[in-house]
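Visitor: sequence first, then the predicted structure:
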Amino acid sequence: MKIYLVGGAVRDALLGLDAGDRDWVVVGATQAQMQAQGYRPVGRDFPVFLHPHTGEEYALARTERKSGRGYRGFVVDADPSVTLEEDLLRRDFTINAIARDEASGELVDPYGGVGDIERRVLRHVGPAFSEDPLRVLRAARFMARFAPLGFRVAPETMVLMRQIAASGELDTLVPERVWQELRKVLASQQPSAFLRTLHEAGALGSILPELEALYGVPQRAEYHPEIDTGRHQEMVSDMAARLAPGDALTGFAALVHDLGKGLTPRAEWPRHLMHEQRGLKPLQQLCERLKVPLDYRQLAEAVCREHLNVHRIDELRDATVLELLSRCDGFRRPERIAQIAIACECDARGRLGFEERAYPQGATLRRLHQAALAINARDIATGDLRGPAIGEALKAARIAAIHLARQPANDLSASDSPR
């Protein structure tokens, strides 16, 4: 019986990154032997155990054989005769198929993962890669994490990803699993690499068709020098990772803010009138399909609907600003306004050549919100006011507070304002 540290912990150590959870593989043992040593079985589909003291996961070395469609269609063999090399062969990428002997510290690298780490290449281990459609999604998610380190997808791996996408196997992915991967991407350093990898593999249309529809759609060059809406979305998502690092909630709102541009009739290109309203339906479809949590959905809908209003907040009447704050639930959920401000800033700065531009509209939105938020019904209620009259007085007082909080119009020129 031998024990090896495997997967991400080994990979991240070689990359000089902080390792997360540690996973272990046990070679030459049976389930009865593991339980006799105090390990607690937890695996449903294959033998996995929790260490009696550390709680870390230990899995028996196993092989997998394709038995049906989808990423669950496998028969698992965890016989004690399964070797470490056979276990590593079933893994997705060579950089994840490296093991470290627990006793000696020696690396076991039968498939060249160490070399691929040095070359910064994401490469599949073997032909079995194409048997699991989830690996296309994982490849894109790994690129979102490792592209900043210079990683690229190996050409032969991209070929297999395209074959999987063309096969229709991606349609078997469970929506909750897709959302789980997407949420990890939105908290990563470079979400654009996820979108671009899936787009290049021909897989984005199967997984996120609402976003695939943005590629190839032009925008007005004076507002969007990057022109392509798909490229704009990549830049917005990366700006969200920069301005709100690790915040998947804001990242999701930034990701889906422009879905309406994918529905603009060609005859209207490169203008996108009413795209903020058109975007609500595909956003709702995406959220329903992936079973997106309600807080993500609500923030995303507010940003999709209101981002142009926030961009031109200095042009809005005081009463209109109050209506905007109310539509965004800014009085019951005050934290939401700051999130909307950041997502809108990501949209404004996620344009070629605008990455370092100031976005004073965000500070204005937060300031006006705070002014209105400071006025409450208790401050208004008097013996002379009852029922609806209190509500009208509260509204008038908040409009007055917004007016007082306004600063002189900023220097943002019309050519700088995103559309």
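Guide: Yep, it's here.
Visitor: in the stretch 201-350 of the chain, which spans are helices?
Guide: Here the stretch 201-350 of the chain has its helices, by DSSP state H, counting those that start in this stretch, at 204-207, 209-212, 229-243, 248-255, 275-278, 280-290, 294-311, 318-327, 335-349.
Visitor: and the fifth one, what does it pack onto?
Guide: Translated: helix 275-278. In this structure, helix 275-278 packs against helix 294-311, with contacts taken as 3 or more Cβ pairs under 8 Å, 6 or more residues apart in numbering; DSSP states H and E. (Each C-beta comes from the backbone N, C-alpha and C, glycine too.)
Visitor: tell me which of the helices of the stretch 201-350 of the chain is the most buried.
Guide: Mean neighbours per residue, mean count of other Cβ atoms under 10 Å, is largest over those for helix 248-255, with a mean of 27.
Visitor: number of nearby residues for residue 20?
Guide: 9 (other Cβ atoms under 10 Å).
Visitor: pull out the buried positions in stretch 85-101.
Guide: Neighbour-count burial for stretch 85-101 flags 86-100 (criterion: 16 or more other Cβ atoms under 10 Å).
Visitor: skip the chain neighbours and tell me the closest residue to residue 24.
Guide: residue 58 (4.5 Å; Cβ to Cβ, 6 or more residues apart in numbering).
Visitor: how about residue 90?
Guide: residue 64 (4.9 Å).
Visitor: so for that neighbour, what's the pLDDT?
Guide: According to the predicted model, the pLDDT of residue 64 comes to 75.
Visitor: which of the three states applies to it?
Guide: strand (DSSP: H, G, I helix; E, B strand; the rest coil).
Visitor: give me the beta-bridge partners of it?
Guide: As for beta bridges, residue 64 partners with residue 76 under DSSP bridges.
Visitor: shaky segments in the stretch 51-200 of the chain?
Guide: 66-74 (pLDDT under 70).
Visitor: got the contact list for residue 247?
Guide: 187, 240 (Cβ atoms under 8 Å, 6 or more residues apart in numbering).
Visitor: what about residue 38, how many residues nearby?
Guide: 11.
Visitor: just residue 18 next, same as before
Guide: Neighbours of residue 18 (other Cβ under 10 Å): 7.
Visitor: ok, it touching residue 12?
Guide: Yes: the criterion here is Cβ atoms under 8 Å, and residue 18 meets it with residue 12 at 6.9 Å.
Visitor: re earlier: can you tell me which of the buried residues of stretch 85-101 is closest to residue 122?
Guide: Relative to residue 122, the closest of the buried residues of stretch 85-101 is residue 93; by Cβ to Cβ it sits at 5.7 Å.
Visitor: roughly how far does residue 375 sit from residue 325?
Guide: 12 Å (Cβ to Cβ, to the nearest Å).
Visitor: swap in residue 185?
Guide: From residue 185 to residue 325 the distance is 31 Å (Cβ to Cβ).
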